[in-house]
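**Student:** A structural model of the following input is requested.
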Amino acid sequence: MPTLLGLFLLAGYGYGAWKFWTGFNRTNFSSGKLYLTLLWPVFIISASYRQNFTKALKGR
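**Tutor:** Below is the predicted model:
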């Protein structure tokens, strides 16, 4: 059971990272693409990052 939970968490992390990576050009960020993509769960608590993350995911 813990393995299944870990697999779901890893899949969610990967999905969020992939969507942010592919939508990075829609954000206000100009550099640090790899850094911001890998650490998105940590930065999501910031309101401005969350807004840019939403832009990357939804295309707004």
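**Student:** Distance of the closest residue to residue 33 other than its chain neighbours relative to residue 44?
**Tutor:** Nearest residue to residue 33 in three dimensions, chain neighbours excluded: residue 24, at 5.2 Å (CB to CB, 6 or more residues apart in numbering). All C-beta atoms are positioned from the backbone trio N, CA, C, and that covers glycine. Distance, residue 24 to residue 44, using CB to CB, to the nearest Å: 15 Å.
**Student:** Those two: which is more packed in?
**Tutor:** residue 24 (18 against 12; other CB atoms under 10 Å).
**Student:** tell me the pLDDT at the more buried one?
**Tutor:** Looking at residue 24, its pLDDT reads 93.
**Student:** Now do the contacts for it.
**Tutor:** By CB atoms under 8 Å, 6 or more residues apart in numbering, the contact set of residue 24 is 33, 36-37, 56.
**Student:** ok, so what distance separates it from residue 5?
**Tutor:** 29 Å.
**Student:** Just the contacts of residue 24: which are in helices?
**Tutor:** Applying DSSP state H to the contacts of residue 24, the entries found in helices are 33, 36-37, 56.
**Student:** What separation do you get for residue 31 and residue 47?
**Tutor:** From residue 31 across to residue 47, the span is 21 Å (CB to CB).
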